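Undergrad: here are the coordinates; sequence isn't available:
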Ligand SMILES: NC(=O)C1=CN([C@@H]2O[C@H](COP(=O)(O)OP(=O)(O)OC[C@H]3O[C@@H](n4cnc5c(N)ncnc54)[C@H](OP(=O)(O)O)[C@@H]3O)[C@@H](O)[C@H]2O)C=CC1
Ligand SMILES: Nc1nc2c(ncn2[C@@H]2O[C@H](COP(=O)(O)O)[C@@H](O)[C@H]2O)c(=O)[nH]1
Ligand SMILES: [K+]
């Protein structure tokens, strides 16, 4: 009979090590380059991803992450339609040209048109009849006289300024400015709508020069799917909506469930940029790569709200998990994502130095304006709810949404692997990303590296003692 091995490998995490400073020819941290690979064929301008959790990433967070050069992964605990709508909101938020603008008919009521626009987060609708543009209804048209039962045709602006679909951006800008208008529909010779350019989108592209964008100039966004049930039709709908990557999300990514799901998705959608996780070992990474993934998400039990290691006894300290998986990733030229346990820019830098190409964050972003949920006050301090997706509350929320809760359900039947928590309210995600990227840039320079790839080649870790760790913190002072 084979026995359990009594030889123990050492597993280390962020607090166990430091990066040894190296001679650097960098004279300003701005010279460092944070460009990195998210997956086989996708790149980001900063190595940061917002977690596919229901208290972290819906469209608000994903828009912000893409604007500053990263990416957000829309969580999967939504109906297919809801998740698709979140992807569409991101795609429309920063397009240079909106390909399929939302339209209404002239005989719809103003009330229904306003609701339609509000649901889709847009400020105006093109009015189309018989396939041709006949007007535009914007907030201007309804601002002063709001009679919800009047018809769109009676309030819309009929003299619409339009342009040819092939118009150059600088000419479109000129027309918008000269006519003091916000929206310029692009209409072909037969009067059919072929697109829409808005001044808001033009401002966005100018305001966010480092945004991560797809080939059409729209913000990058990813979306998660599970491994059972509707995952194939969900994947199809998300890809149709323009999702740039699909993330197969399961607690134990080194399982038949996950490997089978990856195989099905790759077979059904060969062009899909596919990420899967989570795993924590070389074997896990090897098997997902063998199944066809374009990036591997690494981290079992490392998350701030995660109790998998407590409940199951399973997991690998995050730095060791990343190093083991990154070695396999390098052999196959497949990027690795470090997911869970990142508390500071120092942790993120260590994960990158250990071989991860990007870092996924939950708790760091959980308290920002861009997460779903409202700000709560407790004892005079402001918080936002942040919870594990395998927590009791998250599971109950899912079951309630699916109409699957009954008074006979015994809460003891659910074994949670996550907790419900609160994180301090931290304002806009922009400031957090500035701190994170600033810290990582500085981290590169301490490693004598201009880029993440160079740091991965140069990095030298030193294992530290408890005393070394204590010395690393502020000490013998009262921090203000
Ligand atoms: N990174 C991490 O360390 C962890 C992350 N999570 C997060 O929590 C959420 C819920 O996760 P998850 O439970 O996977 O999602 P689901 O509840 O959607 O479970 C997915 C499917 O996998 C099966 N399954 C779950 N755990 C295992 C396992 N250990 N071995 C084999 N099959 C399993 C489930 O079946 P059945 O219920 O019948 O077993 C279910 O059919 C996800 O967002 C996940 O990322 C959760 C735990 C750890
Ligand atoms: N074991 C569990 N892990 C979870 C759960 N919900 C999410 N997660 C993982 O944590 C990270 C976020 O970690 P953080 O340290 O940045 O806060 C997330 O991306 C998931 O991989 C859960 O319920 N249990
Ligand atoms: K944990």
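TA: Structure received. Every value quoted in this text rests on a predicted model; they were computed, and no experiment measured them. Ligands and ions are numbered 1, 2, ... in the order given.

Undergrad: host element of residue 201?
TA: Residue 201 belongs to helix 199-207 when elements are defined using DSSP states H and E.

Undergrad: Who are the packing partners of the next helix or strand after that helix?
TA: For helix 199-207, the following helix or strand on the C-terminal side (DSSP H and E) is strand 222-225. Contacting strand 222-225 under the criterion 3 or more CB pairs under 8 Å, 6 or more residues apart in numbering; DSSP states H and E are the following elements: strand 71-74, helix 80-93, helix 231-240, strand 245-249. Quick note: C-beta positions are derived from backbone N, CA and C, even for glycine.

Undergrad: so of the ones you listed, which one's packed in deepest?
TA: Mean neighbours per residue, mean count of other CB atoms under 10 Å, is largest over the helices and strands packed on strand 222-225 for strand 71-74, with a mean of 29.

Undergrad: ok, residues contacting it?
TA: The set of residues that contact strand 71-74 without belonging to it, under CB atoms under 8 Å, 6 or more residues apart in numbering, is 38, 44, 49-52, 57-59, 61-66, 83, 86-87, 90, 212, 220-224, 243-245, 247, 360.

Undergrad: residues contacting residue 42?
TA: Applying CB under 8 Å, 6+ apart as the definition, the contact partners of residue 42 turn out to be 220, 244-245, 273, 294.

Undergrad: picking up where we left off before, and the helices and strands packed on strand 222-225, which one averages the lowest pLDDT?
TA: Summarising mean pLDDT across the helices and strands packed on strand 222-225, the least confident stretch is helix 80-93, with a mean of 95.

Undergrad: Count the neighbours of residue 403 for me.
TA: The burial count assigned to residue 403 is 7, neighbours taken as other CB atoms under 10 Å.

Undergrad: So what pairs up with the closest residue to ligand 2 within the stretch 351-480 of the chain in the strands?
TA: Of all residues in the stretch 351-480 of the chain, the one sitting closest to ligand 2 is residue 418 (1.9 Å; CB to the nearest ligand atom). Residue 418 has these beta-bridge partners by DSSP bridges: residue 306.

Undergrad: Look up how far residue 303 lies from it.
TA: Note on residue 418: its distance to residue 303, by CB to CB, to the nearest Å, is 8 Å.

Undergrad: swap in residue 358?
TA: 16 Å.

Undergrad: same thing with residue 20?
TA: Separation of residue 20 from residue 303 (CB to CB) stands at 28 Å.

Undergrad: So for the two, which residue has more residues nearby?
TA: Set side by side, residue 20 and residue 303 give different neighbour counts by other CB under 10 Å, the larger being at residue 303 (26 against 13).

Undergrad: The more buried one looks like it's in a helix, true?
TA: No - with DSSP: H, G, I helix; E, B strand; the rest coil as the criterion, residue 303 is located in coil rather than a helix.

Undergrad: where does it fall, phi/psi-wise?
TA: phi -60, psi 150 (degrees, to the nearest 10).

Undergrad: was I right about it contacting residue 343?
TA: No - under the contact definition of CB atoms under 8 Å, residue 303 does not touch residue 343, with a separation of 10.9 Å.

Undergrad: who touches both of the two?
TA: Here residue 303 and residue 343 have residue 363 as joint contacts, going by CB under 8 Å, 6+ apart.

Undergrad: which ones are touching residue 322?
TA: By CB under 8 Å, 6+ apart, the neighbours of residue 322 are 298, 336, 338, 351, 354-356.

Undergrad: for residue 259, that is, sorry about that
TA: Residues touching residue 259, when contacts are defined by CB under 8 Å, 6+ apart, comprise 287-288, 291.

Undergrad: Of those residues, which belong to strands?
TA: Among the contacts of residue 259, none falls in strands (DSSP state E).

Undergrad: Generate a PyMOL selection restricted to the buried subset of those.
TA: In PyMOL, selecting the buried portion of the contacts of residue 259, with burial taken from 16 or more other CB atoms under 10 Å, looks like this:
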select buried, resi 287+288+291
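
Undergrad: just checking: which of the contacts of residue 259 also lie near ligand 1?
TA: Contacts with ligand 1 within the contacts of residue 259, as defined by CB under 6 Å from any ligand atom: none are present.

Undergrad: Residue 422: which of the contacts of residue 259 is nearest?
TA: Closest to residue 422 out of those is residue 288 (33.5 Å), distances taken as CB to CB.

Undergrad: Okay, buried residues for stretch 374-391 please.
TA: Within stretch 374-391, the residues that qualify as buried by neighbour count (16+ other CB under 10 Å) are 383-391.

Undergrad: Low-confidence regions, the stretch 101-250 of the chain specifically.
TA: For the stretch 101-250 of the chain, applying pLDDT under 70 flags the ranges 144-145.

Undergrad: Near ligand 1, which residues of it are found?
TA: Going by CB under 6 Å from any ligand atom, the residues of the stretch 101-250 of the chain near ligand 1 are 226-228, 249-250.

Undergrad: Next: the stretch 301-450 of the chain.
TA: Residues of the stretch 301-450 of the chain that fall close to ligand 1, judged by CB under 6 Å from any ligand atom: 301, 303, 306, 308, 340, 389-390, 417-418.

Undergrad: nearest to residue 442, of those?
TA: residue 340 (23.2 Å).

Undergrad: Tell me if I'm right that that closest one and residue 309 touch.
TA: No - taking contact to mean CB under 8 Å, the distance of 10.9 Å between residue 340 and residue 309 leaves them out of contact.

Undergrad: Spit out the residues that contact those two alike.
TA: Taking CB under 8 Å, 6+ apart as the criterion, residue 340 and residue 309 both touch residue 301.

Undergrad: quick one, which of these two is more surrounded?
TA: Of the pair residue 340 and residue 309, residue 340 is the one with more neighbours under other CB under 10 Å, namely 28 against 15.

Undergrad: Got the phi and psi for that one?
TA: According to degrees, to the nearest 10, the main-chain angles of residue 340 amount to phi 100, psi 140.

Undergrad: mind checking pLDDT for it?
TA: As predicted, residue 340 sits at a pLDDT of 98.

Undergrad: which parts of stretch 125-142 are buried?
TA: 125-129, 133-138, 141-142.

Undergrad: Take these and write them to TSV, including secondary structure.
TA: Listed next are those as TSV, based on three-state DSSP:
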residue	secondary structure
125	strand
126	strand
127	strand
128	strand
129	strand
133	strand
134	strand
135	strand
136	strand
137	strand
138	strand
141	helix
142	helix
